[in-house]
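Trainee: quick one: sequence and predicted model below, then my questions.
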Amino acid sequence: MSAFAQIRAGRKARRVPQLLIGLVGYGAAVAVLVHAGPGPAGWNVLADGTARTLGISFGWATNLISLLVLLAWIPMREPPGLGTLLNVAVVGFAADATAAPLPRPHGAPVEIGHLALGLVVSSRWPSSTPSTSARSSERARATAS
C-alpha cells in the first residue's frame, strides 16, 4: 500500500499521531544511548561514523543515510509506506532535538544512568504498530464471530 493509500485508510486520527510519537521517542532514545558513552548500538555505528567524518550532527547523518537508502529503494519499484517516509523525516531531527540540551555524561555512574534511560525509553516507548499478539487476538476474535 502506498503512503497516500495509507493516509486515506481508516483510523488516521489514531494511527498517524501514534506513529509520530513512536518515531520521536525512538529518535530521543537513540540520542540518549549515543551520548551514554560506551558507543552507539550496532545499527547506529554508520550514522555516528558519518557524523564524525563529515562534521555534522548525528541526527543529520541519520537523515542523510535514511535518504540514501530510500533513493536506493527506487529500482525495486516498491513504493515506500508512510512510516518509512516519516522515519526519514523525523528520527534524525528528534535525535538532534534531544541531544542539544542533553549534557555530556562525566563519570561511569552518569554514563550508566544515560545508558539505562536510553534502554528503558527505547524498549517502552509506544510502538507505531500493534504488537503481533494484539493482531493475533484481533484475528482470533474476528474468526470466532
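Mentor: On my side now, so go ahead.

Trainee: report the contact partners of residue 60.
Mentor: Residues in contact with residue 60 (C-beta atoms under 8 Å, 6 or more residues apart in numbering) are 51, 92, 96. For the C-beta atoms, the positions are set from N, CA and C on the backbone; glycine is no exception.

Trainee: now the last one: which helix or strand?
Mentor: The reference is to residue 96. With secondary structure defined by DSSP states H and E, residue 96 is part of helix 82-99.

Trainee: packing partners of that helix?
Mentor: helix 3-8, helix 12-35, helix 58-72 (3 or more C-beta pairs under 8 Å, 6 or more residues apart in numbering; DSSP states H and E).

Trainee: ok, now with 10 Å
Mentor: In terms of contacts (3 or more C-beta pairs under 10 Å, 6 or more residues apart in numbering; DSSP states H and E), helix 82-99 is packed against helix 3-8, helix 12-35, helix 45-54, helix 58-72.

Trainee: next SSE after that helix?
Mentor: For helix 82-99, the following helix or strand on the C-terminal side (DSSP H and E) is helix 108-124.

Trainee: mind listing residues that contact that next one?
Mentor: The set of residues external to helix 108-124 that reach it, using C-beta atoms under 10 Å, 6 or more residues apart in numbering, is 25-26, 28-38, 41, 98, 102-105, 107.

Trainee: again, 7 Å this time
Mentor: Residues from elsewhere that reach helix 108-124 (C-beta atoms under 7 Å, 6 or more residues apart in numbering): 25, 26, 28, 29, 32, 33, 35, 36, 37, 38, 105.

Trainee: stretch 96-105 too?
Mentor: Taking contacts as C-beta under 7 Å, 6+ apart, the residues outside stretch 96-105 that touch it are 27-28, 31-32, 35-37, 57-60, 111, 114.

Trainee: any buried residues in that stretch, and which?
Mentor: 96, 98, 99, 105 (16 or more other C-beta atoms under 10 Å).

Trainee: one more: stretch 78-85?
Mentor: For stretch 78-85, the buried set under the neighbour-count rule, 16+ other C-beta under 10 Å, comprises 80, 82, 83.
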